[in-house]
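Engineer: Mind looking at a prediction? Sequence and model below.
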Amino acid sequence: MIVFRSLIGAACFVALFACNRDRAQRDRELGERPETKTGETKTGETTVTGAHVGVSNDAAIGRLVAARCAREVACKNVGADKHFTTHEVCAKEVRATTASDLEASECPRGVDAKELDECLEAIQKESCTNPIDTISRLAACRTGELCLKTEERPR
């Protein structure tokens with residue numbers, strides 16, 4: 001029984017040093033990480049930059065069409081004797097106007113993701129009965145706002 005306990009103790013001791021050796025080797029391979037006063041290792045900090053992320057023209061058009069037609073459905077503008085007879089008609093008509101505004105010749109660098117999100121939010125918040133909301137949506141969704149500027153690079 002004493003031999004068994006001694007073997008268990010020795011195995012634990014060896015395993016402990018083996019783990020520390022692996023950690024030391026990994027730290028050398030990855031570069032040393034500074035330690036805090038408590039002995040914990042610090043990791044690097046991630047920072048967010050103000051980079052403008054680009055979205056493809058087709059993806060932006062698809063998202064805008066979906067949002068606009070969802071709003072038309074919510075405002076009861078889709079159906080018999082309505083502005084759009086079906087959801088498909090809505091999608092086709094909205095896509096035609098949106099595609100001409102955001103085609104590659106108009107937005108050669110793509111669409112700014114942040115501006116697209118603001119436009120989509122304006123569409124969702126647009127009231128069915130308040131024309132002021134429509135003006136706000138139109139301002140947020142202008143081609144000049146959505147297109148990435150030439151000095152901005154998509155990521």
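Structural biologist: Perfect, thanks for sending it.

Engineer: So which bits of stretch 74-84 are buried?
Structural biologist: Within stretch 74-84, the residues scored as buried using 16 or more other Cβ atoms under 10 Å are 78, 84. In short, each C-beta sits where N, CA and C put it, glycine included.

Engineer: domain parsing for this protein?
Structural biologist: The record's domain split for the chain, according to automatic domain parsing, is 1-29, 56-146.

Engineer: which one of those domains has the lowest average pLDDT?
Structural biologist: Ranked by mean pLDDT, those bottom out at domain 1-29, with a mean of 52.

Engineer: which residues of the chain fall in helices?
Structural biologist: 2-30, 57-74, 87-101, 113-125, 131-140, 143-146 (DSSP state H).

Engineer: which of the residues in the second one are buried?
Structural biologist: Think helix 57-74. 57, 60-65, 67-69, 71-72.

Engineer: do the same with the shortest one
Structural biologist: Judged by neighbour count using 16+ other Cβ under 10 Å, the buried positions of helix 143-146 are residue 146.

Engineer: helices and strands around it, which ones?
Structural biologist: strand 111-112, helix 113-125 (3 or more Cβ pairs under 8 Å, 6 or more residues apart in numbering; DSSP states H and E).

Engineer: How about the third one?
Structural biologist: With contacts defined as 3+ Cβ pairs under 8 Å, 6+ apart, the packing partners of helix 87-101 are helix 57-74.

Engineer: Please enumerate residues in contact with the helix it packs on?
Structural biologist: 78, 83-84, 87, 90-91, 94-95, 98-99, 102-104, 107, 110-111, 116, 119-120, 123-124, 126, 128, 141, 146 (Cβ atoms under 8 Å, 6 or more residues apart in numbering).

Engineer: Also stretch 138-147?
Structural biologist: Under the contact criterion Cβ under 8 Å, 6+ apart, stretch 138-147 has outside partners 60, 64, 101-102, 106-107, 109-112, 115-116, 118-119, 121-123.

Engineer: first to last residue in that stretch, what's the distance?
Structural biologist: 14 Å (Cα to Cα, to the nearest Å).

Engineer: what does stretch 80-95 give?
Structural biologist: End to end - Cα to Cα - stretch 80-95 spans 21 Å.

Engineer: Check what contacts it and list those residues.
Structural biologist: Here stretch 80-95 makes contact (Cβ under 8 Å, 6+ apart) with 61, 64-66, 68-69, 72-73, 76-79.

Engineer: Apply 6 Å and report the result again.
Structural biologist: Stretch 80-95 has contacts (Cβ atoms under 6 Å, 6 or more residues apart in numbering) with 65, 68-69, 72, 77-78.
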